[in-house]
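A.B. asks: got a sequence here, can you model it:
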Amino acid sequence: MLSQEKGKLARCLVVAEEIPGNLLLTPSVTEQIGQALEQLLEVPETKVVLVNILCSPGAAQAVAEAIAEYLKPQQEETSAQGGEERQLSPTGTALRSPKERSSRSRSSRSSSSPKAEPQFVIRLVGGELDSVKERLVTMPVHWTDNLEEAVTQTVSLAWTK
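C.D. replies: A predicted model of the protein is given here:
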């Protein structure tokens, strides 16, 4: 689908612990989601991150919370400098503080000019996600439950930046 939309895949990370057709939500999976997002954010050329997650409605809420908890410190960093302590997500995953993540990602970037944070297109099927969406309303996060729409939006955002 990505190539049909004239998009270019820069990196693909697969996070999974599953039984056929269902993502099992374990601490390992929520940690993998955070680690995958962190790896993607460390690539200086990243303009848009497409997150495509299929899971049960109950797991969808927890996955959305894990993503929100990971992204929220980035938003807080732009408004105020965070502390050094780690935050604990609702799923029990230790997350790097904004200051830790920021210094790590800055050290991995070679350019001296400030880099715009990438936009996120999150396709997460199942569950009621309105509360999570509201928490991230000021961030460049776009939610959808349609894969074609997610791919089209990802390519569009990549070309407009």
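A.B. asks: give me the buried positions along stretch 37-50.
C.D. replies: 37, 40-41, 46-50 (16 or more other C-beta atoms under 10 Å). Heads up, the C-betas are built off the backbone N, CA and C, glycines and all.
A.B. asks: among the residues you listed, name the ones in strands.
C.D. replies: When DSSP state E is applied, the buried residues of stretch 37-50 are split such that 48-50 fall in strands.
A.B. asks: which SSE is Gln61 in?
C.D. replies: Gln61 belongs to helix 57-79 when elements are defined using DSSP states H and E.
A.B. asks: what average pLDDT does that helix get?
C.D. replies: Helix 57-79 carries an average pLDDT of 73.
A.B. asks: ok, stretch 153-160 next?
C.D. replies: pLDDT averaged over stretch 153-160 gives 88.
A.B. asks: circling back to that earlier point, can you list the ones in strands among the buried residues of stretch 37-50 in a markdown table and add distance to Ser28 and pLDDT?
C.D. replies: Converted to a markdown table, these look like this (distance: C-beta to C-beta, whole Å; pLDDT from 0 to 100):
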| residue | distance to Ser28 | pLDDT |
| --- | --- | --- |
| Val48 | 26 | 89 |
| Val49 | 21 | 89 |
| Leu50 | 22 | 89 |
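A.B. asks: and which of the residues you listed is nearest Leu71?
C.D. replies: Taking C-beta to C-beta as the measure, Val49 is the one of these closest to Leu71, at 9.9 Å.
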